[in-house]
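In: My questions are about this predicted structure, shown below with the sequence.
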Amino acid sequence: MQPQPARLYYGWIIVGIGFCNMMLVMGTFFSSGVLFAAIIGEFGWSRTTASLPFSIALLFYAATAWLAGHLFDRYGPRRLFPLGVLMLGVGLILSARASASWHLVWSWGLLVSQGFNVAGFVPHVTQVALWFQGRRGVASGLMISGASVGALLVVPGVQYLVDHLGWRSAYTLLGLAVMVCLVPLNLLWQRHRPADLGLHPDGDADVLPVAAHLPIPAAAASTAPPWTLRRAVGTPRFWLLCVMVTCIGWLSNITGVHQIAHMIDNGFPGILAASMVGFAGLLRAFSSTLWGGLSDRFGREVVYTFGSAFVVVSLFLLAFLHPASAVWMLYGYALTYGIGYGVHGAVEASATADLFYGPHLGAILGALELGWGLGGFVGAWLGGFWYDQWGSYHGAYLLTTGIAALGCLALWGAAPRHAHRLVNEPQSATIRPASPSTP
C-alpha cells in the first residue's frame, strides 16, 4: 500500500519558520538607524565615526556571505541557524554595553553582522530553493516578505523602547528576545531537504530533485557534473547575475540611507517622510509574494521587467521632488517603490536556483551576495558624495534609474527562463544533454 500524502507539505512549514527568522533577524538589521541616532545623541560622535561600525558590518557581511552559504550546504539549518541567532543576540547585548566606537566595531561590525549572515538571506533562500521547484518563486517571496514585516514591527518597536527605556536597555531586550524566540524554533522544527522526511520538492512525487547541471532537464540531470562555485564562476550567466545583484545593492542602499533626508530637504515633515517609508515597506511585504508567484507562471525576466518599471517610475518621482512639489508625488513614490521593489529578492533567489541548482547552491548565492554588498557600499557612499558636491540628491536618483534598468538587462542576458522551462515542462522521450561548457 502506498502511504497517504500529508495534507500540508512540510515545505510550507519551512517557509513559515523562515518568515519568522527573517522578520526578527532582518528587522534587527533595519533597526541600525535607530542605534545610529541613539549613539550620536549620547556620545556626540561625528557621523563618520558613528557610521564606521555599520559600514564594517556591511562589508564583512558581503565578504563572508559565500562562507555562510557553504556552511549551510554542509551542516544544514538545524545547526547553522541557532548558531547565527546566538551570535546575533550576544552581539546585540554587547553592543548595548559599548562606550567607544571600537567596541561597536567588534560587537556590531563583526559579531552582529555574522548573525545576519549565518541566519539571514542567503541560507534561507537556498533552503526554500531546495524545498520548491514549480512554486519556488511564490515560496521565496513569501519567506522574504518576513523582512518587510520585520521592518514594520521591529524598527518602531525598538524606537519605542529607546524612547522609554534608553538604547542600552532596548538593545539588551532585543538580543534576549531574538534568542528566546528563534533558537528553540529552529532547533525543533528545521529540516534541510525534503529527502530528510522522505518527500519530494513541492510535495509532488512526480517532481524529482534537480541536483546537477541546469539547463539539462531533470530526467538527464544525474549524468552531468553538479554545479560548484568554481564551475558557476566560470560561466557568463553567473557574472550577469552578479551585475543584477550589484544593481539591487546600489538601489537598496542609496534609497534606504538617503530617501528620508531627501524628502525633508525638499520641505516635507519628517514624520510624513518616515510614514512613506513605512507604507512602502508594507507594500513590499505583499508584493514580494505576488511577484514571486507571477514569476513561476510567466517567467523571471518578464516579471522582473514589470517590477523594475515600477521602480524606475518611483525613482523619477523621487528625483524630481522639490520644495513646491505636491504631496501626491511623495505618495506616488511610496506606492510605486513599494510595489516594484518586492520583485528583487524573490526573482533573484529563484533565478539563481533555476540556473545553478545543486548541492552547492548556498555557496553560489553567497558569492553573488558580495555584489550586493559592494553595490550597496558604492550606492550609499555616492548618495552622500553627490549631495556634498551639488547640494541635492536629484542627479544621484536619476543615475539610479539607469542602474535599475541595467540590472534588468543583466537578468535577460542570464536567461533563467530556459532552465525554468526545462525543469517545469514535461520532457520528451528523447533527451540530448547539453554540453558541459554551456553557460
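Out: Perfect, I can see it now.
In: now do the same end-to-end measure for stretch 256-275.
Out: For stretch 256-275, the first and last residues are 14 Å from each other (Cα to Cα, to the nearest Å).
In: How about residues contacting it?
Out: 276-277, 318, 321-323, 325, 327, 330, 380, 383-384, 387, 392-393, 396-397 (Cβ atoms under 8 Å, 6 or more residues apart in numbering). C-beta coordinates here come from the backbone N, C-alpha and C atoms, glycine included.
In: Mind doing that once more with 7 Å?
Out: M276, V277, L318, L321, H322, P323, S325, L330, A380, G383, Y393 (Cβ atoms under 7 Å, 6 or more residues apart in numbering).
In: Neighbours of the nearest residue to H70 once chain neighbours are set aside, how many?
Out: Using Cβ to Cβ, 6 or more residues apart in numbering and skipping the chain neighbours, the partner closest in space to H70 is A363 (4.3 Å). When neighbours are counted by other Cβ atoms under 10 Å, A363 registers 27.
In: wait, doesn't A363 sit right on A68?
Out: No - A363 lies out of contact with A68 (Cβ atoms under 7 Å); the separation is 9.0 Å.
In: Can you check the pLDDT for the residue nearest to H70?
Out: Per-residue confidence for A363 comes out at a pLDDT of 87.
In: how much distance is there from the host helix or strand of D296 to the middle of the chain?
Out: Per DSSP states H and E: D296 is located in helix 270-298. Distance of helix 270-298 from the chain centroid (Cα atoms, centre = their mean, to the nearest Å) equals 13 Å.
In: What residues sit buried inside that helix?
Out: The neighbour-count check on helix 270-298 (16 or more other Cβ atoms under 10 Å) flags 273-274, 276-296 as buried.
In: again, but for stretch 253-263
Out: Quick answer for stretch 253-263 (16+ other Cβ under 10 Å): N253, I254, T255, G256, V257, H258, Q259, I260, H262, M263.
In: Same list (these) but as a markdown table, adding secondary structure and pLDDT.
Out: Compiled in a markdown table, the buried residues of stretch 253-263 are given as follows (DSSP: H, G, I helix; E, B strand; the rest coil; pLDDT from 0 to 100):
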| residue | secondary structure | pLDDT |
| --- | --- | --- |
| N253 | helix | 83 |
| I254 | helix | 86 |
| T255 | helix | 86 |
| G256 | helix | 78 |
| V257 | helix | 74 |
| H258 | helix | 80 |
| Q259 | helix | 83 |
| I260 | helix | 79 |
| H262 | helix | 83 |
| M263 | helix | 86 |
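In: For the residues you listed, please prepare TSV with the additional fields distance to V302.
Out: Converted to TSV, the buried residues of stretch 253-263 look like this (distance: Cβ to Cβ, whole Å):
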residue	distance to V302
N253	27
I254	26
T255	24
G256	27
V257	31
H258	31
Q259	28
I260	33
H262	31
M263	32
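In: Which of these sits closest to I39?
Out: I39 lies nearest to V257 out of the buried residues of stretch 253-263, by Cβ to Cβ, at 16.6 Å.
In: Please tell me how far the closest one sits from F30.
Out: In this view, V257 and F30 are 12 Å apart by Cβ to Cβ, to the nearest Å.
In: Could you do M329 as well?
Out: The spacing between M329 and F30, counted by Cβ to Cβ, is 25 Å.
In: follow-up on the earlier one: what is the subsequent helix or strand relative to the helix holding D296?
Out: helix 300-319.
In: now the nearest residue to A349 once chain neighbours are set aside: how far from N253?
Out: In space, and not counting its chain neighbours, A349 is closest to V125: 3.6 Å by Cβ to Cβ, 6+ apart. Using Cβ to Cβ, V125 is found at 19 Å from N253.
In: Also Q127?
Out: 25 Å.
In: So what angle separates the directions of the helix or strand hosting A151 and helix 300-319?
Out: Secondary structure from DSSP H and E places A151 in helix 136-165. Put simply, helix 136-165 runs at 30 degrees to helix 300-319, going by axes from the mean of the first three to the mean of the last three Cα atoms, to 10 degrees.
In: Export only the CA atoms of the helix or strand just after helix 136-165, formatted as CSV.
Out: Downstream of helix 136-165, the next assigned helix or strand under DSSP H and E is helix 167-189. Extracted C-alpha coordinates of helix 167-189, given in CSV (Å, rounded to 0.1, in the frame of the first residue of the first chain):
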residue,chain,number,x,y,z
TRP,A,167,19.0,52.5,23.9
ARG,A,168,21.1,50.2,26.1
SER,A,169,18.1,48.5,27.7
ALA,A,170,16.3,48.4,24.3
TYR,A,171,19.0,46.5,22.6
THR,A,172,19.6,44.2,25.5
LEU,A,173,15.9,43.2,25.4
LEU,A,174,16.0,42.9,21.7
GLY,A,175,19.0,40.5,21.9
LEU,A,176,17.3,38.4,24.5
ALA,A,177,14.0,38.3,22.6
VAL,A,178,15.7,37.2,19.4
MET,A,179,17.4,34.3,21.1
VAL,A,180,14.4,33.2,23.2
CYS,A,181,12.1,33.2,20.1
LEU,A,182,14.3,31.8,17.4
VAL,A,183,16.7,29.3,18.9
PRO,A,184,14.0,26.8,20.0
LEU,A,185,12.0,27.3,16.8
ASN,A,186,15.0,26.3,14.6
LEU,A,187,16.3,23.5,16.8
LEU,A,188,13.0,21.7,17.0
TRP,A,189,11.4,22.1,13.5
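In: in helix 167-189, what's buried?
Out: 167-168, 170-175, 177-179, 181-183, 185-186.
In: Show me what it is packed up against.
Out: helix 10-30, helix 32-43, helix 77-95, helix 136-165 (3 or more Cβ pairs under 7 Å, 6 or more residues apart in numbering; DSSP states H and E).
In: Could you point out the helix or strand that follows it?
Out: helix 229-233.
In: Which residues belonging to that following helix are considered buried?
Out: In helix 229-233, counting by 16+ other Cβ under 10 Å, buried: L229, R231, A232.
In: Quick check: closest non-adjacent residue to the first one.
Out: To tie it back to what came earlier, the one meant is L229. Nearest one to L229, counting by Cβ to Cβ, 6+ apart, is A363 at 4.5 Å.
In: who's in contact with that neighbour?
Out: W66, G69, H70, D73, L229.
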